[in-house]
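# Quick one, structure for this:
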Amino acid sequence: MIMKQSISNHRAKTVAFALVALTCIAVATGSAAVVSQRKRLTSSQTPVASESARRVYVRSKSLLVRAAVVEDKLLKRPEFKQLGLSITRDESDADIILELRHDLLTMYVFTVVEVKRQTVIAGGKLSSLGGTVADKVAKRFVKVMSEMGQP
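Predicted coordinates:
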């Protein structure tokens with residue numbers, strides 16, 4: 001009886017470790033894919049930001065959702081370019097900051113800050129269930145910005 005409990009405990013620990021390891025691998029693979037995709041872009045494929053484009057800086061305070069992944073999802077949305085928005089990696093060059101942070105369990109909070117006036121112009125809360133957080137943030141950001149009539 002004691003032997004069966006010991007084996008059962010060992011299996012449970014092994015399964016838990018495997019789940020944690022697979023989660024870490026999945027997160028690392030997603031980040032690596034974005035980095036390798038960015039390296040493949042040539043200068044002819046890189047979009048050129050116009051002078052009138054509003055520059056967006058993405059700041060992620062979440063360990064599981066990197067800023068580069070959110071940037072990638074934003075750039076894939078046609079509405080993002082139609083709104084005259086572009087991505088910047090220099091926070092001091094940004095007109096708008098899109099901040100993402102992890103709240104509770106599967107909940108994430110995003111905030112849109114206008115840098116010039118240091119005012120929060122939009123925000124929201126979303127769940128990681130039923131899709132990727134980066135894609136949901138990109139979709140909600142574009143929706144909010146189009147409703148506000150930005151730029």
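
# What are the boundaries of the helices in the chain?
Using DSSP state H, the helices of the chain run over residues 2-40, 67-76, 78-82, 133-148.

# Using PDB, write down the CA coordinates of the third one.
So the one you mean is helix 78-82. Extracted C-alpha coordinates of helix 78-82, given in PDB (Å, rounded to 0.1, in the frame of the first residue of the first chain):
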ATOM      1  CA  PRO A  78      -4.300  45.800 -41.600                       C
ATOM      2  CA  GLU A  79      -6.300  48.200 -39.500                       C
ATOM      3  CA  PHE A  80      -3.100  49.200 -37.600                       C
ATOM      4  CA  LYS A  81      -1.500  50.600 -40.700                       C
ATOM      5  CA  GLN A  82      -4.800  52.100 -41.900                       C
END
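
# hang on, the earlier thing: ranking the helices of the chain by mean pLDDT, which is last?
Per-stretch mean pLDDT for these is lowest at helix 2-40 (a mean of 52).

# how is the chain carved up into domains?
Per automatic domain parsing, the domain ranges recorded for the chain read 1-46, 48-148.

# got a list of what residue 107 touches?
Going by CB atoms under 8 Å, 6 or more residues apart in numbering, residue 107 touches 125-128. In short, each C-beta sits where N, CA and C put it, glycine included.

# go with 10 Å
The contact partners of residue 107, by CB atoms under 10 Å, 6 or more residues apart in numbering, come to 101, 125-129, 133.

# Can you tell me which of these are buried?
Among the contacts of residue 107, those that count as buried by neighbour count (16 or more other CB atoms under 10 Å) are 126, 128, 133.

# So the last one versus residue 149, what's the distance?
It stands for residue 133. From residue 133 across to residue 149, the span is 26 Å (CB to CB, to the nearest Å).

# picking up where we left off before, between the buried ones among the contacts of residue 107, which sits nearest residue 88?
residue 133 (21.4 Å; CB to CB).

# pretty sure that closest one contacts residue 64?
Yes - taking CB atoms under 10 Å as the definition, residue 133 is a contact partner of residue 64 at 7.6 Å.

# Which neighbours do those two have in common?
The contact sets of residue 133 and residue 64 overlap at 102, 108 (CB under 10 Å, 6+ apart).
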